[in-house]
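Trainee: The sequence and its predicted three-dimensional model are supplied below.
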Amino acid sequence: MNGRNLALLVIFGAMAFGQVLRLPLLAGGRATLTAADLVIGLLGAGLFIALIYQRRLLEYLHFVWQATAWRYLLLFGLWALLSLLLALPGLAAGEALTALAYWLRLLGSIVLLTGLSFWLQAVQEKRLRSYFLLFGVLAIGAGFYQLFVLPDFRAMVEFGWDPHVGRLLSTFYDPNYFAALLVLIMTITVVLGLKNQAGRWQLLYGLIFLAAWVALYLTYSRSGWLMGFLAVPLASWLYSRRLSALLALIFVVAVLLPNRLSGRIWQSTSFLRPSTVTEEFGDPSAAARAIANEQAIRLFSDQPVTGVGYNAFGFVLTKAGYAEAERLEFRSGMGTDNSWLFILATTGVTGFILYGLFFTNLMQRLYQARHRGVLAWPLATYCGALIAGAFFNNLLFYVPLIIGFYGLVGWELRRGDD
């Protein structure tokens, strides 16, 4: 097995199981380092060192700068660093180191995505998607096992996790983020099933698709169901409009019929009003999101141009008195549920524009490549769903999801195939 294939196995393995191992980032601190963080850091550093050793660093930088999407992503990373440097005088030493660690993780993800795009041209598409689906199926299986063995997650609250009960969490320990991965699996398998003429492969992809759909329902994730509604019917539209309409209808009917998922969706109809959601509908999850959105908007209002620093979000929020210091004891305390507000709050309008340009150019390149291979079209449709899902969960910076997504995108937009 060559280095490229091994790197892909590690990437998709970290996607499926990267949240299981968690280590403290600093002695006595609450910030943690996951196996997925380590993979991003080590692979990113390894790619960078390899480029220097092979004397191809300038070639790589030229490639990144010439590709519009990668150029905007690199500029976003540099701006994020500048925003952090501007915020350093207001941070204690430990806080500064923690914030810097978050930026290094961001840098690692940038190097990983652009480095894979530069380096993966020799890998076969069939092998790439086989690795992805192998670990995707393992994660789905782990989810069903968790739902059967540990349906009550309230005992994990002391470790910073949310007290979910009766929901499929899998190795992500969070139903909403795992739902986002399930939608990615569904989007890819529905296209593979429609494009593949061999009956046994169609059966295999169909079974994976159905298992992922059942798992998606059992997460009872409202944002995940929305992402599925946006991505899956659209992905199939290019190949079968009849199937696309049927899939969209099933997504809608599931919301209209009385069940636990539809009940959660109708509970959140007033999520922009936290007090109404909590008192009238008894939905603390939606209320917490609305409160977090308000906090992020207040931080953005304080520093609209440069932001409060990437990622000093939690520290600045508590110092400003917008939240209690206890929020930093939870794994989500350093950010907010809305990725777009997180970008605005930490890097300001400038960072928001740069990241928006990166993402729109990424979608454009994937759309332009939709007839070239199998993965470009489902990845392009998934980008649209990711934009919507990122309003409810910090999906754009959730490492286990992004590392798998970047692994697929890096190959699809590989060097020499522009």
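Mentor: Happy to help now that I have it.

Trainee: show me where pLDDT drops low in the stretch 101-250 of the chain?
Mentor: Within the stretch 101-250 of the chain, the stretches with pLDDT under 70 are 121-123, 159-160.

Trainee: I meant to write the stretch 301-418 of the chain there.
Mentor: Checking the stretch 301-418 of the chain against pLDDT under 70 turns up 323-334, 415-418.

Trainee: Tell me who's in contact with the residue nearest to Leu57 when sequence neighbours are not counted.
Mentor: Distance criterion CB to CB, 6 or more residues apart in numbering; nearest residue to Leu57, sequence neighbours excluded, is Leu51 at 4.6 Å. Where C-beta positions appear, they are placed from N, C-alpha and C, glycine not excepted. For Leu51, the contact set (CB atoms under 8 Å, 6 or more residues apart in numbering) comprises Leu57, Glu59, Tyr60, Gly115.

Trainee: Which one (most neighbours) among these?
Mentor: Gly115 (24 neighbours; other CB atoms under 10 Å).

Trainee: now it: how far from Phe342?
Mentor: Separation of Gly115 from Phe342 (CB to CB, to the nearest Å): 25 Å.

Trainee: Not counting its neighbours along the chain, what's nearest Val305?
Mentor: Nearest residue to Val305, sequence neighbours excluded (CB to CB, 6+ apart): Gly348, at 4.8 Å.

Trainee: doesn't Pro233 make contact with Ala245?
Mentor: Yes. If you go by CB atoms under 8 Å, Ala245 and Pro233 touch, sitting 7.3 Å apart.

Trainee: More neighbours: which of these two?
Mentor: The neighbour count for Ala245 versus Pro233, taken as other CB under 10 Å, is higher for Pro233 (23 against 13).

Trainee: List phi and psi for the nearest residue to the more buried one once chain neighbours are set aside.
Mentor: Once flanking residues are discounted, Pro233 sits nearest to Ala248: 4.0 Å by CB to CB, 6+ apart. Dihedral pair for Ala248: phi -60, psi -40, per degrees, to the nearest 10.

Trainee: Enumerate every residue touching Glu59.
Mentor: Contacts for Glu59 (CB under 8 Å, 6+ apart) come out as Leu51.

Trainee: Sticking with the residue nearest to Val305, tell me its helix or strand.
Mentor: With elements taken from DSSP states H and E, the one containing Gly348 is helix 339-368.

Trainee: How far off centre is that helix?
Mentor: Distance of helix 339-368 from its chain centroid, counting by CA atoms, centre = their mean, to the nearest Å, is 14 Å.

Trainee: picking up where we left off before, which two of the contacts of Leu51 have the greatest separation?
Mentor: Using CB to CB, the contacts of Leu51 reach their maximum pairwise distance at Glu59 and Gly115, which is 11.9 Å.
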